[in-house]
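> got a sequence here, can you build the structure:
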Amino acid sequence: MGSRVHYILEQILVDMYGTYKEVREPIFVCDESQISKGDNMISAGKEFIDIMHERGAVLLDTEMVLGDIELGYTGQPDKMWLMLNKNNELGIVISDWKGLPLDTIILTDSGWKTMGTLNLSDKVYDKDGVLVNIKNISQVKNKKCLKIIFDNKEEVISDFEHRWLVFTVINGVKIERVMTTQEIKDCNDNINRKDNRKILKIENAKPLNNAHIDLPIDPYVLGIWLGDGHKIDSKVTQANIKVWEEIKRRGYEIGNDISAGGSGIATTRTIFNMYSQLNKLNLLFNKHVPDIYLLASYEQRLDLLRGLMDADGYYNKTRNRFSVTTTREFQVDFSIKIMASLGLKTTVVKYNKKLNDKIFKCFNIEFSTTDFNPFLSRNQDIISTIKTNKRTYRTIVSVEEVESVPTKCIEVDSPSSTFLFSRSLIVTHNTNKPKNFESHWYTVPMLDPFQDYPDTALSHYFIQLPLYVRLLLSMLKGSKYDDIKFFGGIVVLLKEDGNFVEYRIPKDIYTKVFEIDIKQKIKRLK
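This is a model prediction of the structure:
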């Protein structure tokens, strides 16, 4: 949405001043809600442009590419304006608006979406597997980011202030608390890993609590096809006669064996009246789990898993773990999604296997459970006994700082204030309210010489905009505009209700920016 808003507003400015340059169209996909909200933000942007004209400002350029060898950095500001002050001096005003999409995936009541495409009409799942409403969606944040690594080798990235519902166990008592990613890192860096009482954990989500729905293909049969089916049609190659009997018991007709012995002891048969449904679900040449199956009931999703396990699964009695083995990364993806929807914690083990002098990359998607037998047509004699409950939570192994990425959060109306994210449906805690431009109890001051200002996105913009202007002024040295002045900068928050808010850059901030030895700062960062 932000990309679309940016593009259209820049195009309006270019057209308004005569098409003196081409505005490159970014790639964006927006739903109806985002288009509507974006149109309101565009209206707010137009109003801001009109006000700048009323103030006597004239656009110098939009998306101006700046760079200066002497200063040693580059930039590309949204808008530079020229205007005269009351003393008839020519000066520059800079303004900026922002919008960034995010790619964190979230399972909603209408299927998978990204954090950047969520809207207030979506419902998401909380830690109890219940669909809950989204109350607020934060603005995009550009903060310090940290990576959490769990004991099953999963990794997630969040900004340092994002909150998590974690727990420890002391003397057999489970103690829950909400901690930011930074607090988790500080705690994790200062504990003895041998003292299990202090190690932080995140509990698995409960199975998704959905009602039974009509599905186009029986979930067990689809699971069999996902594991052993031919990607081009509705044929399946399978050695277990009980699987064929189960498919027929579910109302399907199957054809005669057409393998001509080419499949060893297995037979290859066509499952009739399934090809058209595979085609409608876009599954041919594209094996995946359609969203509708993850939104189905617990029993239907368990049937789906059992079909997959009867096709490609096995039970390791020594390790007391179930596993799906595959050489296909897309099968890893949909297997994790099925298992997570049933409340299972998965571990993916990667290894190489040599066959006929060729090396194949293989994956085992492993899990443990005593809640059910994940097989249906075989392994019915399994008695799973697990001594520890590590399968019910993820242990935080380490937290490390990584390169910053744009982040966002949502507030939900769940009693636990939690929601689920990623393909493995990890539990996380929501934000209290939109907070991109605000200070909170956990907000720290910025570094010298800006220590009098909180470390918020707004403060970062206050520094960023004068840096752009300093580039331009440096580039103009020796020209007839050598004495041009900087009058100030405006950060413009475009709101979805069609209004905007102006944040003027404090004079002491841009004075400090103009005095900083940029090259020394860059050298320190390196």
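
> now Val324: how far from Val501?
Distance from Val324 to Val501, counting by Cβ to Cβ, to the nearest Å: 51 Å. To be clear about C-beta, it is placed using only N, CA and C from the backbone, and glycine gets the same treatment.

> those two: who's more crowded?
Ranked by neighbour count (other Cβ atoms under 10 Å), Val324 and Val501 place Val324 first, with 26 against 12.

> same for the helix or strand the more buried one falls within, what does it pack against?
For Val324, the enclosing helix or strand under DSSP states H and E is strand 321-326. When contacts are defined as 3 or more Cβ pairs under 8 Å, 6 or more residues apart in numbering; DSSP states H and E, strand 321-326 packs onto helix 298-312, strand 313-316, helix 329-341, strand 358-367.

> one more time with 6 Å, if that's ok
On a contact count with 3 or more Cβ pairs under 6 Å, 6 or more residues apart in numbering; DSSP states H and E, strand 321-326 meets strand 313-316, strand 358-367.

> buried residues in the first one?
Along strand 313-316, the positions that meet the burial threshold by neighbour count (16 or more other Cβ atoms under 10 Å) are 313, 315.

> quick one: residues in contact with it.
Residues from elsewhere that reach strand 313-316 (Cβ atoms under 6 Å, 6 or more residues apart in numbering): 322-324, 379, 382.

> same thing with stretch 241-256?
So stretch 241-256 is contacted by 218, 221, 269-272, 310, 377 (Cβ under 6 Å, 6+ apart).

> for that stretch, the distance to its chain's centre please.
40 Å (Cα atoms, centre = their mean, to the nearest Å).

> can you pull out the low-pLDDT segments for the stretch 201-350 of the chain?
Scanning the stretch 201-350 of the chain for pLDDT under 70 picks out 262-263.

> and the one helix or strand His6 maps to, what other elements does it pack with?
Using DSSP H and E, His6 sits in helix 2-16. If contacts are counted by 3+ Cβ pairs under 6 Å, 6+ apart, helix 2-16 sits against helix 32-54, strand 58-62.

> buried set for the longest one?
Which is helix 32-54. Counting neighbours by 16+ other Cβ under 10 Å, one finds that the buried residues in helix 32-54 are 33-34, 37-38, 40-42, 44-46, 48-49, 52.

> now the angle from it to helix 2-16?
40 degrees (axes from the mean of the first three to the mean of the last three Cα atoms, to 10 degrees).

> over to the shortest one?
Between strand 58-62 and helix 2-16, the angle formed by their directions is 130 degrees, by the same axes, to 10 degrees.

> quick check: neighbours of the very next helix or strand once past strand 58-62 in the sheet, parallel or antiparallel?
Later in the chain than strand 58-62, the nearest helix or strand by DSSP H and E is strand 66-68. Applying DSSP bridges to the sheet, strand 66-68 is found paired with strand 73-75 (antiparallel).

> quick check: next helix or strand after the partner strand?
Using DSSP H and E, the helix or strand that directly follows strand 73-75 along the chain is strand 79-84.

> any idea how far that next one is from the chain center?
For strand 79-84, the separation from the chain centroid amounts to 38 Å (computed by Cα atoms, centre = their mean).

> tell me the angle of that strand relative to helix 32-54?
Put simply, strand 79-84 runs at 20 degrees to helix 32-54, going by the same axes, to 10 degrees.

> which of the helices and strands packed on helix 2-16 sits closest to Lys235?
Lys235 lies closest to helix 32-54 among these, at 39.9 Å (Cβ to Cβ).

> now that closest one - C-alpha only, PDB.
Presented in PDB, the C-alpha positions along helix 32-54 are these (Å, rounded to 0.1, in the frame of the first residue of the first chain):
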ATOM      1  CA  GLU A  32      -9.600  -3.600  -2.100                       C
ATOM      2  CA  SER A  33      -9.200  -2.400   1.500                       C
ATOM      3  CA  GLN A  34      -5.600  -1.300   1.000                       C
ATOM      4  CA  ILE A  35      -6.600   0.600  -2.200                       C
ATOM      5  CA  SER A  36      -9.400   2.400  -0.300                       C
ATOM      6  CA  LYS A  37      -7.100   3.300   2.600                       C
ATOM      7  CA  GLY A  38      -4.300   4.200   0.200                       C
ATOM      8  CA  ASP A  39      -6.700   6.500  -1.700                       C
ATOM      9  CA  ASN A  40      -7.400   8.300   1.500                       C
ATOM     10  CA  MET A  41      -3.700   8.700   2.200                       C
ATOM     11  CA  ILE A  42      -3.200  10.000  -1.400                       C
ATOM     12  CA  SER A  43      -6.000  12.600  -0.800                       C
ATOM     13  CA  ALA A  44      -4.100  13.700   2.400                       C
ATOM     14  CA  GLY A  45      -0.900  13.900   0.300                       C
ATOM     15  CA  LYS A  46      -2.600  16.100  -2.300                       C
ATOM     16  CA  GLU A  47      -3.800  18.400   0.500                       C
ATOM     17  CA  PHE A  48      -0.300  18.700   1.800                       C
ATOM     18  CA  ILE A  49       1.000  19.600  -1.700                       C
ATOM     19  CA  ASP A  50      -1.700  22.300  -2.000                       C
ATOM     20  CA  ILE A  51      -0.700  23.700   1.400                       C
ATOM     21  CA  MET A  52       3.000  23.800   0.400                       C
ATOM     22  CA  HIS A  53       2.000  25.800  -2.700                       C
ATOM     23  CA  GLU A  54      -0.100  28.200  -0.600                       C
END
